[in-house]
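Novice: Give me a model of this one.
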Amino acid sequence: MITNKGFYLLRAPLLPVDFLTRFLQLPYAALADEIKQTFTDPYLAEAIYIASPELSNELRKWQRGQLTGEKDINKLVLSLFRYLLRMSTRCTPYGLFAGCATGAFDTFTNINVEDVMAHRKYCRLDMNYVAELAEKIALIPAVREQLHYYPNNSLYQTGDTYRYAAFTVKNKFRLYDLTAVNYSNYLEEILEKAATGATIGELCAHMTSEEITEDEAREFLSELIDSQVLISELEPTITGEEFFHVLTRKLKGLQHTEGIHETLSAIKQLLSVPTAGIDKYLQTHHLVKQLLPDTNNKDLVQTDLFLSTTANTISQQTISEIQEQLTSLWKLPAPDRTSDLQNFSKNFRERYEEQEIPLAIALDTEAGIGYGAYTSHYAAYAPLLDDIVIKSVATSDSISWNKMRDFQVKRYLECIQQQQTEIVLTDADIESLSTIEGIPVPDSFYLMGSIVSESAQAVDNGNYLFDFSSCGGPSAANLLGRFCHGDDILKEKVQECLKEEAQHNPDIIYAEIIHLPEARTGNILLRPQLRDYEIIYLGKGSVDADHQLPVTDLMVLVENNTIILRSRKFNKRVIPRLSTAHNFSMGSLPMYKFLCDLQFQELHHATGWQWNLPVTAPFLPRVRYKKFVLQKCTWTLHKKDYPLLVKHAGAQDHFRIFKDIRAALRLPRYLSITERDNELFIDLENESCVHLLVATLLKTEEVTLQEVLQAPGNCWVAGPAGRFTNELIIPFKSTVVKQAKTLVPINITTLPQRHFLPGSEWLYVKIYAGINTTEKVLRTVIKPLVEDLNRKGIIDKWFFIRYTDPDDHIRVRFHHANNKDFWKTVLSELNTIISRELDPGLIHKIQTDTYIREIERYGADTIEWSESLFCYDSEAVLGCIDLLEGEEGENYRWLLTLRGVDMLLQDFGYSLQQKSAYLKRLQHHFFQEFGGGQSLQTQLNSGYRKYMRQISTFLDARQDTENEIEEAIALFAIRSSHIRQAIQHAPVERWDDLIGSYIHMFLNRMLLSNQRKQELIIYHFLNKYYESQVAMQKQQLI
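Specialist: All right, here's what the predicted structure looks like:
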């Protein structure tokens, strides 16, 4: 089901856990001297400077004897001790505190980390300062004249305005707002001229005429640049070569920037120096201040640490066991949540039905439906709300008592009552908790966690635990992308993974999302070029213009609740990807959040175990499935419960008091203070650690503690100075190649008319009523109406569908090509018949609407042909349902539906083998939509066995007389005659892309309710029948 990609990324702290041994043996009173001596090491001093220049400054004062106050020294010592704990135990890369190295799977497990001086530091100027510097350079008049300018790539036209996102800088951060500029011919010409890049001089020459002077042209262009309608080429790049290097090279080719180029080159040289110490950072700060005088030294330089290893392998046996157990965890349910994508899909269908429209328009809060928090409610400016944050009305924290919650409560209570500290899940438990069966595994994803064992040999002997952290996607590149700049091996392997994904679906464009929310985020977003295509939105990518997809190129539609993007330029489906670990969920622009959210559409990952108890528990036990530890033991301590800790301030008193607390709560020796994803190692047998813990509790009112699995005796990653903790990011892929949905090719050069307003050649009427009433409307109103209208020549075609949005109704469309006033007669006669045949109270409302053709679904060349087929189909269905009466009639309904599908396939020339293959695909699609799995398969097979004889007779034309269905079949035969005659002139050779939609609409017309569920059953029954017929045919040939 899944397999690994052959490599992993090891993450480990700078120092081995054994480095802490001497500190953990010291009383608090002796800690200061040891800390002071430890941080005379240039490498450790450099690590502190990178993390906190202010703390580094205090450290140097103390070492020089300039810090003498006891309170200040104690505060400094605890801060340094906290950092020391972090750089000896926590694996998350941050500055020099922890690093990473690419490993491989081999025969044996063996990871050996070299001494710190062998590691490689990758230093670069913080993107915030590089972007600020580029912006300042672009304002220099002499430079401004030399730069090329391009249209803002968020800009799109709606009505008589161009709308786009522009930013203001506040406290060095970019704040974006959607703004607008009026359309004009001059502006359109400038945007066209600047599309491939143009200087101010070139644009000015293009504008200047008898009507416009050069000064007027320059003033206008200056306004466009200042308002960010035009963007300079110095806009930061976030993929490909690092922007600092791009900027430095660009300045070399510009005049009047020699001094800036020289300074940047000196900074580049300084940051490449491998020696330890803080001098190069101090010199870098001095150089940057020459260019940006207000620069401080905090976060000035970004540093990544790449570990040097003499061995870095994990055994194939171990990874095979891990991936086997991971596969079972896919069945655990994910937390319920209503996503912005689901709301968008619902709102889109209500507004646009199955129409395809420009994505920029759909997400526009004024012209479209918006996205996420940015909907039409936010389209109007309300100055009264400026600078005031008012929370939304609180929603009820109602408890959903689902199967998972019931199980958690039951097992938790058992665990507490029996005074146990671990819940062990079995395969039977996993099966019982599964709510959706047959969940497809993503094509690509990552697993993150730690292997816990006493030695590498013990790991290979199977004596280990896997401390599960997370599992996600849509590819392993999400967590690996930002480290590729400093590791060529990792970069090559990630590119291979993404190339394989693209090769599986050559008709799909997988496009990297390029967006810079604010400059400092560029430190996380910075990555090499990993994909061939990029979606550009308020950011600058690295691929050539032919492979860039501006948001104005993207079209969106919703098909079967799946949101589909299409590139107009390539006429292919586009699936966005963000190959970095940026948290885009909060405060992002709607376009960016939509694209990022869309990459997770229809994806399910092994989510592990999220506690969801009805009340907050002071203790949560460990949860384990085989080798996987899904949740560690967790304790929550509240300050109010421990008044003695508040009363006493000394480290010794805290240590003494906490001994009793530890005994009462049965706390293990090693714990971590946990706050979100931050963890701080604590040894409860050490005064200094306990003092840190108590200080945290007294400051924050409550503290969460978790057991530490990678205690000093359970660390197997080796090094010359001792043992290391570990964290692994392991890329996986599905062994089942799944084909993503592709698009029907569209002739985008000659599109037929799409919109038909009331009063045009199409009349579109919606009749709202209950399900049974709409059936009566079809029989007693629509059937005699269309017969009369056809006989009089008032209409030349028509069709209907059943719909819910969310109220039940039927949609009827009438057409006449020449008589533009035909609709008046139709509405008049419709009103007359309804008044005569129905109680007025049964009809909720009747309304006319704009008919919008689904050109993307049915094709530009075949939409009119399809409308004719809908007419033949609607007339056949109307006649058929008019024959059905009572419960027996409803049984005949689904059996005749089977026959109607079979005849439709026959009309399009499908052989028995082709029918079988096609229904297998349809059945599989719907089977997956409804969860799939063995339970559903069993029920469907049981249903088929129950009705197998009836199905066989109804699909056998020789038994029509015995089944008393000749009249209904005659109606389908009339439809067949029309279709076969029309096919001879149809502008298409291959029908597979369209026949599924025709069948779907036939089922919609025939079936009263729950159409999609019944559709699954219809497809399953036909699939089973065709399979049996093919098998019998083969048997006869033997």
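
Novice: in stretch 660-668, what's buried?
Specialist: 661-662, 667 (16 or more other Cβ atoms under 10 Å). Yep, even glycine has a C-beta here, placed from its N, CA and C like the rest.

Novice: Grab the nearest non-local neighbour of Gly719.
Specialist: Using Cβ to Cβ, 6 or more residues apart in numbering and skipping residues adjacent in sequence, the residue nearest Gly719 is Val113, 4.1 Å away.

Novice: follow-up on the earlier one: out of the buried residues of stretch 660-668, who's nearest Thr607?
Specialist: Leu667 (28.0 Å; Cβ to Cβ).

Novice: now the closest one: how far from Gly650?
Specialist: From Leu667 across to Gly650, the span is 21 Å (Cβ to Cβ, to the nearest Å).

Novice: cool, and Glu242?
Specialist: 50 Å.

Novice: okay, these two: which has more neighbours?
Specialist: Glu242 (21 against 11; other Cβ atoms under 10 Å).

Novice: Tell me the gap between the one helix or strand Asp960 maps to and the middle of its chain.
Specialist: Per DSSP states H and E, Asp960 falls inside helix 960-963. The chain centroid and the centroid of helix 960-963 are separated by 54 Å under Cα atoms, centre = their mean, to the nearest Å.

Novice: Check stretch 696-716 too.
Specialist: 32 Å.

Novice: mean confidence for it?
Specialist: The pLDDT scores in stretch 696-716 average 95.

Novice: Likewise for stretch 493-512?
Specialist: Computed over stretch 493-512, the average pLDDT equals 91.

Novice: For that stretch, C-alpha coordinates in CSV please.
Specialist: C-alpha atoms of stretch 493-512 as CSV (Å, rounded to 0.1, in the frame of the first residue of the first chain):
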residue,chain,number,x,y,z
LYS,A,493,16.0,13.6,-3.9
VAL,A,494,13.1,16.0,-3.3
GLN,A,495,13.2,17.0,-7.0
GLU,A,496,13.1,13.3,-8.0
CYS,A,497,10.1,12.8,-5.7
LEU,A,498,8.1,15.7,-7.2
LYS,A,499,9.1,14.7,-10.8
GLU,A,500,7.7,11.2,-10.1
GLU,A,501,4.4,12.7,-8.9
ALA,A,502,4.1,14.8,-12.1
GLN,A,503,5.0,11.8,-14.3
HIS,A,504,2.1,9.8,-12.9
ASN,A,505,-0.4,12.4,-14.1
PRO,A,506,1.1,14.0,-17.3
ASP,A,507,-2.2,15.7,-18.1
ILE,A,508,-2.1,17.6,-14.7
ILE,A,509,0.0,20.6,-14.0
TYR,A,510,1.5,20.5,-10.5
ALA,A,511,2.4,24.1,-9.8
GLU,A,512,4.4,25.6,-7.0
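
Novice: Buried residues, it. List them.
Specialist: Buried residues in stretch 493-512 (16+ other Cβ under 10 Å): 493-495, 497-498, 501, 504-505, 508-512.

Novice: separation between Asp41 and Ile35?
Specialist: 11 Å.

Novice: more neighbours, the two?
Specialist: A count of neighbours by other Cβ under 10 Å puts Ile35 above the other of Asp41 and Ile35, at 23 against 13.

Novice: In this structure that one contacts Ser79, no?
Specialist: No. Applying Cβ atoms under 8 Å as the test, Ile35 and Ser79 come out as separate, 9.7 Å apart.

Novice: that older thread, for the buried residues of stretch 493-512, which one is nearest Arg813?
Specialist: The nearest member of the buried residues of stretch 493-512 to Arg813, counting by Cβ to Cβ, is Ile508 at 33.2 Å.

Novice: from what I can see that closest one touches Ile575, true?
Specialist: Yes. Contact criterion Cβ under 8 Å: Ile508 and Ile575 qualify, at 5.7 Å.

Novice: Tell me if I am right that Phe468 is in a strand.
Specialist: Yes. Under DSSP: H, G, I helix; E, B strand; the rest coil, Phe468 sits within a strand.

Novice: just checking, it touches Phe628?
Specialist: Yes. Counting by Cβ under 8 Å, Phe468 does reach Phe628; the two are 5.1 Å apart.
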